[in-house]
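Asks: structure of the sequence below:
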Amino acid sequence: MQIGWKLDNSYSRLPKIFFTEIAPTPVDAPEIAIFNDSLADTLELNAKELNSPKGAAIFAGNELPEGSTPIAQAYAGHQFGNFTKLGDGRAVLLGEQVTPTGERFDVQLKGSGPTPYSRRGDGRAALGPMLREYIISEAMHALGIPTTRSLAVVTTGETTYRETALPGAILTRIAASHLRFGTFQFAANFTSLDELRVLADYAIDRHYPEILESSENRYLLLLQEVIKRQAALIAKWQLVGFIHGVMNTDNMTISGETIDYGPCAFMNEYDPGTVYSSIDVQGRYAFGNQPYMGGWNLARFTESLLPLLHENENQAIELAQEAISSYNLLYHESWFTGMRAKLGLFNEEKEDETLIQDLLNIMLKFDADYTNTFRVLTSNTSNDEKMFDSEEFARWEQQWKARLDRQEESKEAAVQLMRDSNPAVIPRNHLVEEALEAAVQHQDYSVMEQLLKVLSKPYEHTLEQTKYCTVPASDGPYQTFCGT
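Replies: Numbering: from 1, shown residues only. Below is the predicted model:
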C-alpha cells in the first residue's frame, strides 16, 4: 500500500539565501510514541502504513519520504526585544504535502539534529517538551484556534542532555507554512530588495492569493491581511486564557497560526500579570501583555516591508503607520465580540464593555479560575469559588441577567451561544504534567491518550469532563521551559 506522499518543495525554489539544504541526522532506534490518525487523514496520508516502523524511520529522519528535499530555513527575530540572526537550529523541513484539494501543508521534523543555524546547540529535543507541544497544539485545534499541529512524536533511542539526561524525541509538525515575521526581518536586513520582493510575492501566492486579483498595492494588502489575522488570533488566545510565553517575532507566523509551544500554558486564576515561562523574568509576555506585544511584533514586521510599500520612504512610512494603527481596533473588536458571546450576548449595548470589565475585576479580586467562571455561568451550576457568594458578584449577576432579558433571543439561545464559546475543559497545567510524567518516566501513554480524548471535545459540557475541570489548590511557582 502507498503512504500517500504528494510532496512539493516550493520554498526551496526561493533564493538560496533563505535556506540551507541539509538532511536530518539519523538516530539509533526510532519508535513511534504517539501518532495522530485524524491529522494523517486530513493530509490524505495512509495512517496504517505510517503508524509503523517504516513511519517511525521517516518521522525520525532516518529515511526521507518520496519527493522530499530537506532544508533548514533561515530567519531572524527580536527575542525578548533583542534583534538577532536565527534559523532552524534543530528542525528540518521535509517538504509540503499537497492534498487533492490543493491545500499545502509544511511537514517539519523538530529535534532532527544540528544545522548551520544551531549556534552551538545539539539540534535535538527531549521527549517531554515534544509531547507537550503535541498535547497543547491539538487542544488549540479543538478549541478552534488557528495552530500548527502535530502528526507524530518518535523516541530516538538516544539521550538528550539538558539540566539532566533525558530521553530524546522528534516531533513532526504540520503548518500552513513556517513563514515568520522573522523571515521577513531576515530578508529586510540580510538580503537584497529583489529577494525581499520575491519572498513577499511567495507569501502572497501561498497565503493570500486573492490579493493577486487586486489592482491595489499588493504589499500593503499583504500587510493589512497579516494584521487582521494576528489581531483575531491573539483575541482568541485571550478568550481562553492561553499564554504563549515566548512571543518573539520569529515565533509569529504570517499565516495567523499559533506556532512554538515551548513555555506555554493555560491560566488558572485570572490575573493579567500571569507568567509561566521560566525565561520571561520581566513579564514581557505576561497574559495581559500579549495584545500589546502582538502590536509591537506587527510593527517590526511592518518595518521589514517598508521598501516594498512605496519607493518614497516618507510615503512608505505613512502607509505603514495607517495600516498598523488599525491593529488595536481590530483586536478590540475581536476580543469584545468573543467576550459578549461568552456571556450569551447577541447584540451590542454601550454598557457591555463595563459589564465585562466589572466581571474581570471581580474575578481578579477573588482569584477566580478563568475557565471555570465562564463554565459555571454557562451551566448555572454551583461552584465552591468564593467569588460566587460575594456581594460584588450578586450585584453583577443581577445586571447581567437584566441585560440578557433585554435582547430578543431566547434564554435557550443565549445558553447555547455560551456553550459554544466557553470551553468546559482546557489542558490544565497539572493534567499536562501528569500525562508527561506517566509517559516520560513510566512509558505509560494511556494518561496522555485519555487527556487528548477529553480535550478533543472542549465544548461538550458533559458530566464525564467534570474531573478534568478541577483546579489544583495552587499553581504555586509553576514554570514551563522552552526545551532547548
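
Asks: OK, contacts around the residue nearest the centre of the chain?
Replies: Centrality entry for the chain: nearest residue to the mean C-alpha point is residue 258, 2.3 Å, by C-alpha atoms, centre = their mean. Going by C-beta atoms under 8 Å, 6 or more residues apart in numbering, residue 258 touches 137, 140, 145, 146, 147, 148, 233, 237, 244. Placement of C-beta: from N, CA and C, glycine included.

Asks: show me what contacts the fourth one?
Replies: The contact partners of residue 146, by C-beta under 8 Å, 6+ apart, come to 229, 233, 236, 255, 256, 257, 258.

Asks: just the pLDDT for it.
Replies: Per-residue pLDDT puts residue 146 at 98.

Asks: what residue ranges in this structure score low on pLDDT?
Replies: 1, 382, 474-484 (pLDDT under 70).

Asks: now do the strands in it.
Replies: 7-8, 19-21, 31-35, 71-79, 82-87, 91-98, 104-110, 125-126, 149-161, 165-175, 242-243, 265-266 (DSSP state E).

Asks: between these, which gets nearest to residue 308?
Replies: Proximity to residue 308, assessed across these by C-beta to C-beta, is greatest for strand 71-79 (17.1 Å).

Asks: return that closest one as CSV; C-alpha atoms alone will do.
Replies: Once non-C-alpha atoms are left out, strand 71-79 reads as follows in CSV (Å, rounded to 0.1, in the frame of the first residue of the first chain):
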residue,chain,number,x,y,z
ILE,A,71,16.1,22.1,4.2
ALA,A,72,16.6,24.3,7.3
GLN,A,73,15.1,27.7,6.9
ALA,A,74,17.0,31.0,7.7
TYR,A,75,15.2,33.8,9.6
ALA,A,76,15.9,36.5,12.2
GLY,A,77,13.9,37.9,15.0
HIS,A,78,13.5,40.0,18.1
GLN,A,79,14.0,37.7,21.1
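
Asks: check the offset of it from the chain's centre.
Replies: Taking C-alpha atoms, centre = their mean, to the nearest Å, one finds the center of strand 71-79 at 18 Å from the center of the full chain.

Asks: contact partners of it?
Replies: By C-beta under 8 Å, 6+ apart, strand 71-79 touches 9, 11-12, 17-22, 83-89, 91-93, 115-117, 178, 180-183, 185-186, 189-190, 248-251, 297, 300.

Asks: ok so, going back, can the strands of the chain go into CSV with extra columns for distance to residue 309 and mean neighbour count?
Replies: Listed next are the strands of the chain as CSV, based on distance: least, C-beta to C-beta, whole Å; neighbours: other C-beta atoms under 10 Å:
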stretch, distance to residue 309, mean neighbour count
strand 7-8, 30, 15
strand 19-21, 26, 18
strand 31-35, 45, 19
strand 71-79, 20, 23
strand 82-87, 21, 16
strand 91-98, 28, 24
strand 104-110, 27, 22
strand 125-126, 38, 25
strand 149-161, 33, 21
strand 165-175, 27, 23
strand 242-243, 32, 24
strand 265-266, 37, 26
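
Asks: how about those, which one is nearest residue 349?
Replies: Comparing those by C-beta to C-beta, strand 242-243 comes nearest, at 28.0 Å.

Asks: neighbouring strands for the closest one, and are they parallel or not?
Replies: strand 265-266 (antiparallel) (DSSP bridges).

Asks: run through who's touching the partner strand.
Replies: 240-243, 245, 276, 371, 426-429, 478, 480.

Asks: please apply the same query to stretch 118-129.
Replies: 25, 33, 89-90, 110-115, 153, 155-156, 158, 160-162, 166-171, 262, 436, 439-440, 481-484.

Asks: quick one on the thing from earlier: looking at the contacts of strand 265-266, which is nearest residue 288?
Replies: residue 243 (9.8 Å).

Asks: quick check: closest non-adjacent residue to the closest one.
Replies: residue 287 (5.0 Å; C-beta to C-beta, 6 or more residues apart in numbering).

Asks: wait, that neighbour touches residue 272, no?
Replies: Yes. Between residue 287 and residue 272 a contact is recorded at 5.5 Å, counting by C-beta atoms under 8 Å.

Asks: who has more neighbours, those two?
Replies: Under the criterion of other C-beta atoms under 10 Å, the comparison of residue 287 against residue 272 puts residue 287 first, with 25 against 14.

Asks: residues in contact with that one?
Replies: Counted by C-beta under 8 Å, 6+ apart, residue 287 has contacts 238, 241, 243, 267, 271, 272, 273, 274, 275.

Asks: check the gap between the first one and residue 263 for me.
Replies: Using C-beta to C-beta, to the nearest Å, one obtains 18 Å as the distance from residue 238 to residue 263.

Asks: likewise the last one?
Replies: Distance, residue 275 to residue 263, by C-beta to C-beta: 9 Å.

Asks: what do these two both touch?
Replies: residue 245.

Asks: now residue 448: closest residue in space, sequence neighbours ignored.
Replies: residue 435 (4.0 Å).

Asks: and residue 266, by the same measure?
Replies: Per C-beta to C-beta, 6+ apart, closest to residue 266 is residue 426, 4.6 Å.

Asks: pretty sure the one you found contacts residue 454?
Replies: No. Counting by C-beta under 8 Å, residue 454 is not a contact partner of residue 426; they are 10.2 Å apart.

Asks: which residues does residue 167 bridge with?
Replies: Those that pair with residue 167 in a beta bridge, by DSSP bridges, are residue 159.

Asks: got it, and the one 4 residues further on?
Replies: Partner residues in beta bridges with residue 171: residue 110, residue 153, with DSSP bridges as the criterion.
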